[in-house]
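>>> Sequence unavailable; structure follows:
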């Protein structure tokens, strides 16, 4: 379990920044990150909770209603199944690059990146053989307003409880699928552009934490609907396409057994969010204030 959590931490660090952007809530004005899915032939309700991948201990809280929803469910479904050995092998390869970063940049660009990396406590020589996902990990790590020793991982806490309770564990996508989405959204140069906005990310992260703690989806939307962090093409690759793929397989999971889905909060709302997409399929999806 210790190694599992470490690997999960690496993966979540790599995607926490690129999935931080939330979408507008056109389906319900109520503030809730926990939603119940019923109807459309389901014999038992399932649940979806929006997560905040990485939180400082002082800000960390999983509300009782979320624990209760997990307890009532038969399976626990994450974006990626971190208990699958094959996925763990893919995850370990995620930070390895086929080509050195310096080989993809001009001398001037390499020099500029080296200057930027100094703000993150490293240099180009140290990470030259790494993938762009490693650069995102740097950005995510610096944006977190506490030391890594004080970090808690939302999904990992839920996963450990699900494992303890012997629930079936599933994933909505493979590591390779996720990496394909990230690569479609962010090439090396756009990643470097994001690194230059480290202070903006730190401010954004603090504001996002407060919005998440208050379950304020509208506030999340206003904070992250910002093209500085994600343009339309990136949104399509990171959110829209993935949401549509997930909603194709969620019905079979829910029909088989009551399922508890834990996904980044940015995937819930908006025209192509999980909630409206499920509603369009005929399911009743409603916010849960208490359980």
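Yep, it's here. Predicted, not measured: the structure shown is a model, and the values here were computed from it. Residues are numbered from 1 along each chain as shown.

>>> Residues touching stretch 194-210, excluding its own?
Outside stretch 194-210, the residues within contact range by Cβ atoms under 8 Å, 6 or more residues apart in numbering are 17, 20, 52, 55-56, 59, 113, 116-117, 119-120, 135-136, 138-139, 142-145, 186, 219-220, 223-224, 228-229. In short, each C-beta sits where N, CA and C put it, glycine included.

>>> quick one, strands of this protein?
Applying DSSP state E to the chain gives strands spanning 34-38, 46-51, 54-56, 75-78, 151-153, 168-171, 259-264, 284-287.

>>> Point out the most buried one among the ones you listed.
strand 46-51 (a mean of 26; mean count of other Cβ atoms under 10 Å).

>>> mean confidence score for it?
Averaging pLDDT along strand 46-51 yields 94.

>>> Strand 259-264 and that strand, what's the angle between them?
20 degrees (axes from the mean of the first three to the mean of the last three Cα atoms, to 10 degrees).

>>> returning to what we had before: please dump the strands of the chain into TSV; it should also carry distance to residue 251 for every row.
Converted to TSV, the strands of the chain look like this (distance: least, Cβ to Cβ, whole Å):
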stretch	distance to residue 251
strand 34-38	9
strand 46-51	10
strand 54-56	30
strand 75-78	12
strand 151-153	28
strand 168-171	14
strand 259-264	10
strand 284-287	12
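
>>> Need the per-residue pLDDT for residue 154.
Per the predicted model, pLDDT is 91 at residue 154.

>>> Does it touch residue 62 like I think?
Yes - at 7.1 Å, residue 154 and residue 62 qualify as touching, with contact defined as Cβ atoms under 8 Å.

>>> So if I had to pick from the two, which one is more boxed in?
Set side by side, residue 154 and residue 62 show more neighbours around residue 154, with 23 against 16, by other Cβ atoms under 10 Å.

>>> Return the set of buried residues in stretch 105-123.
105, 110, 113, 114, 116, 117, 120 (16 or more other Cβ atoms under 10 Å).

>>> which ones are touching the nearest residue to residue 176 once chain neighbours are set aside?
The shortest distance from residue 176 to any non-neighbouring residue, by Cβ to Cβ, 6 or more residues apart in numbering, is to residue 90 (5.9 Å). For residue 90, the contacting residues are 174, 175, 176, by Cβ under 8 Å, 6+ apart.
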